[in-house]
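1. Please find the sequence and the predicted model below.
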Amino acid sequence: MIEYNNLINNIIFSNIGTINSQNLFLFIIFALFFSLAIDVIFGELPTRIHPVVIIGSIINFFKNIFIKIKNRISGFLLSFSTCIISCIILYIIYYIASYNMLLLFIIFTILLSSSFSVNMLLQTAIDVMNDLNESLNKARQSVSYLVSRNTEELTESFIVSATIESLTENITDSYVSPIFYYFAFAIIVIFYPFNNSLYWLLMIPMLYRVSNTLDAMVGYQTDELKIIGYFPAKIDDILNFIPARIAGLYVVISAFLLRLDWKNSWHIMLRDARNCPSPNSGYTMASTAGALNIKLVKKETYVLGDDNKEIEIDDIKKAVNLSKLTIILFTITVILLLILIKVIL
């Protein structure tokens, strides 16, 4: 296995740093930067090799076994089994790659990029906006892939609302949460480097993705899934609790920098974030509604914001820019904090 005292020297940074912690620190920073670049430039990995697709197959396999248990322990067994198998697969990949430093960096970076989805998050909203400019029916079809509600009779305003809701709700679990946990564990690794620490560092955001995928696949309140989906849904709520509130705050800061109504963004977030059934999804949605001075409505479920102005197609573009800056600011903060921690150390 690898020796971390020569980690970065053996990859591409041969003239940077001479001690173990310095090499490890550089690996962490550059891996984050390049993983984001990969996602933004190239988007998702091919379906056949995408870790989330593989995780989904593992979930389906164990779901068919444990759903027969009419008890909430079925959800725990499903989550535990999926995590164990995912960790084993990840370790096999890591173990093979760790014999070549350049290969390890490449594989680590690609896998880290698969734990979040910035390109798809932003592009799907833009696609709906473009479809709306062409045809209402086309937009209804495209937005149906983003939300669980019936879209066949949605008006233009409700399509815009649904698109902005989907976009901003997913700021948390599509980026902020996995990077938050990457950052949190990176601090531990920087202060207390240990054997195979890069594997554990990669495993943390990947396990978050496992949890999020479990919630997406079985966390719905249907007769079939409400028992087995209870545990995965609760774990996902717990894991997103802190990141969702951080993401909401960054939306407010981004609104200020974009000269949107940041005061109203803060006000509406505090007032309406808890209107949603989820304890977490409302923070980024409500702060966006406030920043744009619009009302986001999911019929018979929640209302966020005030209709200070009529919602329009251009609000999707504004929400995309707001989300984009939120992601950029959060990334910069993570990198600066890691540098600051390294300096202090």
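-> Nice, thanks for sending it over. Just so we're clear, the structure is a prediction, and the values are computed from it rather than from any experiment. Residues are numbered from 1 along each chain as shown.
2. Same question for Lys68, what's its three-state structure.
-> Three-state assignment for Lys68 (DSSP: H, G, I helix; E, B strand; the rest coil): coil.
3. What are the boundaries of the helices in the stretch 101-250 of the chain?
-> Under the criterion DSSP state H, counting those that start in this stretch, the stretch 101-250 of the chain carries helices at the ranges 101-113, 118-134, 136-143, 156-171, 177-191, 197-218, 230-257.
4. The helix or strand just after the longest one vs helix 230-257, what angle?
-> What it means is helix 230-257. Next helix or strand after helix 230-257 toward the C-terminus (DSSP states H and E): helix 262-272. With axes from the mean of the first three to the mean of the last three C-alpha atoms, to 10 degrees as the basis, helix 262-272 and helix 230-257 are set at 160 degrees to each other.
5. Contacts for stretch 332-339, please.
-> Residues outside stretch 332-339 that contact it (C-beta atoms under 8 Å, 6 or more residues apart in numbering) are 25, 28-29, 32-33, 179, 183, 186-187, 190. (C-beta placed from N, C-alpha, C; glycine too.)
6. Of the helices of the stretch 101-250 of the chain, which is nearest Asn264?
-> Nearest of the helices of the stretch 101-250 of the chain to Asn264, taken as C-beta to C-beta: helix 230-257 at 8.5 Å.
7. for the chain, what are the low-confidence residue spans?
-> Residue ranges of the chain with pLDDT under 70: 1-21.
8. Nearest the middle, which residue of it would you pick?
-> The chain has Ser174 as the residue nearest its centroid, 2.0 Å off, counting by C-alpha atoms, centre = their mean.
9. Correct me if wrong: it contacts Ser115.
-> No - between Ser174 and Ser115 there is no contact under C-beta atoms under 8 Å: 9.8 Å.
10. For Leu260, what are phi and psi?
-> phi -90, psi -180 (degrees, to the nearest 10).
11. surely it meets Lys318?
-> Yes - judged on C-beta under 8 Å, Leu260 makes contact with Lys318 at a distance of 7.3 Å.
12. So which of the helices of the stretch 101-250 of the chain is nearest Met285?
-> Closest of those to Met285 is helix 156-171, at 4.9 Å (criterion: C-beta to C-beta).
13. in the closest one, what's buried?
-> 157-171 (16 or more other C-beta atoms under 10 Å).
14. Tell me the helices and strands packed up against it.
-> helix 118-134, helix 136-143, helix 230-257, helix 282-292, strand 296-298, helix 314-344 (3 or more C-beta pairs under 8 Å, 6 or more residues apart in numbering; DSSP states H and E).
15. wait, which of the ones you listed is closest to Ile107?
-> Short answer: helix 118-134, nearest of the helices and strands packed on helix 156-171 by C-beta to C-beta, at 19.8 Å.
16. buried set for stretch 290-309?
-> Buried-residue list, stretch 290-309, by 16+ other C-beta under 10 Å: 290-298, 302, 304-306.
17. C-alpha coordinates for stretch 273-291, PDB please?
-> Extracted C-alpha coordinates of stretch 273-291, given in PDB (Å, rounded to 0.1, in the frame of the first residue of the first chain):
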ATOM      1  CA  ALA A 273     -38.500  27.100   5.700                       C
ATOM      2  CA  ARG A 274     -40.500  24.900   8.100                       C
ATOM      3  CA  ASN A 275     -43.600  24.900   5.900                       C
ATOM      4  CA  CYS A 276     -42.300  21.900   4.000                       C
ATOM      5  CA  PRO A 277     -42.900  18.300   5.100                       C
ATOM      6  CA  SER A 278     -39.100  17.800   5.000                       C
ATOM      7  CA  PRO A 279     -37.200  19.400   7.900                       C
ATOM      8  CA  ASN A 280     -34.400  20.400   5.500                       C
ATOM      9  CA  SER A 281     -35.600  21.100   1.900                       C
ATOM     10  CA  GLY A 282     -37.400  24.400   2.800                       C
ATOM     11  CA  TYR A 283     -34.200  26.400   3.700                       C
ATOM     12  CA  THR A 284     -32.800  26.800   0.200                       C
ATOM     13  CA  MET A 285     -36.200  27.000  -1.500                       C
ATOM     14  CA  ALA A 286     -37.600  29.600   0.900                       C
ATOM     15  CA  SER A 287     -34.400  31.800   0.800                       C
ATOM     16  CA  THR A 288     -34.600  31.700  -3.000                       C
ATOM     17  CA  ALA A 289     -38.300  32.600  -3.000                       C
ATOM     18  CA  GLY A 290     -37.500  35.600  -0.800                       C
ATOM     19  CA  ALA A 291     -34.500  36.600  -2.900                       C
END
